[in-house]
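**Q** show me how the following folds:
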Amino acid sequence: MLSNIYEQLSETEYLTLNSHLIYGEIEDSNVEKACQWIIEANLENKHPNLHLIINSVGGSLTSAWSLIDFISTSRIPISTYGLGQSASAGLLLLMSGKRGCRYASENLSLMSHQFAGGMDDTYHNINSMQIEFKNTHERYLNHYIKCTGLTKKTVENKLLSPTNTWLTADEALKYNLIDGIFTV
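**A** Numbers count the residues shown, from 1 in each chain. Sure, this is the predicted structure:
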């Protein structure tokens, strides 16, 4: 267990320049800022690592996938820290950090669930959207498997069950969603 977030973050001398906060709903506006931060940091190449601090109830999956792509392609390792709540798309971001560098506060509430979407369209467009829903489910499932190393069956039964799955930081550690817990 990490002793405290401030000690962890202060290990670098560029705390304010290599840290970024995502608070609130995951949406295009705050994800765009995070993506710009990753791009600029990679272009400047001044920092040995980056720190993404997340407190989110979830939000747009397309926005989250965009940021996940930036995190996974960053030449600079990105550590993730969950404070408050990391739910749905917020949890996807938290577990996308560099393996060994994904942390949760001891008070963090985590929520995993199947994605939700709705349709109100023509018959043919609804059929077309069903294909995208299936593809999205596969991306979601594969992301969990990649980030946790768990089997498909375990992910589907324990983390993507038909109802919301609420986890403590200790439970998230057990399922490899995070790599460590810190005190605040």
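**Q** avg pLDDT for stretch 114-122?
**A** The pLDDT scores in stretch 114-122 average 72.
**Q** start to end distance for it?
**A** End-to-end distance for stretch 114-122: 25 Å, by Cα to Cα, to the nearest Å.
**Q** and for stretch 113-130?
**A** 19 Å.
**Q** again, but for stretch 79-94
**A** Note: stretch 79-94 ends 9 Å apart using Cα to Cα.
**Q** off-centre distance for that stretch?
**A** On the basis of Cα atoms, centre = their mean, to the nearest Å, stretch 79-94 sits 5 Å off its chain's mean C-alpha point.
**Q** now the helices for the protein?
**A** 5-9, 28-44, 61-73, 89-94, 123-148, 152-154, 169-174 (DSSP state H).
**Q** just the angle between the fifth one and helix 61-73, please?
**A** Right, helix 123-148. Angle, helix 123-148 to helix 61-73, by axes from the mean of the first three to the mean of the last three Cα atoms, to 10 degrees: 30 degrees.
**Q** now helix 123-148: buried residues?
**A** For helix 123-148, the buried set under the neighbour-count rule, 16 or more other Cβ atoms under 10 Å, comprises 136, 140-141, 143-144, 147-148. (C-beta placed from N, C-alpha, C; glycine too.)
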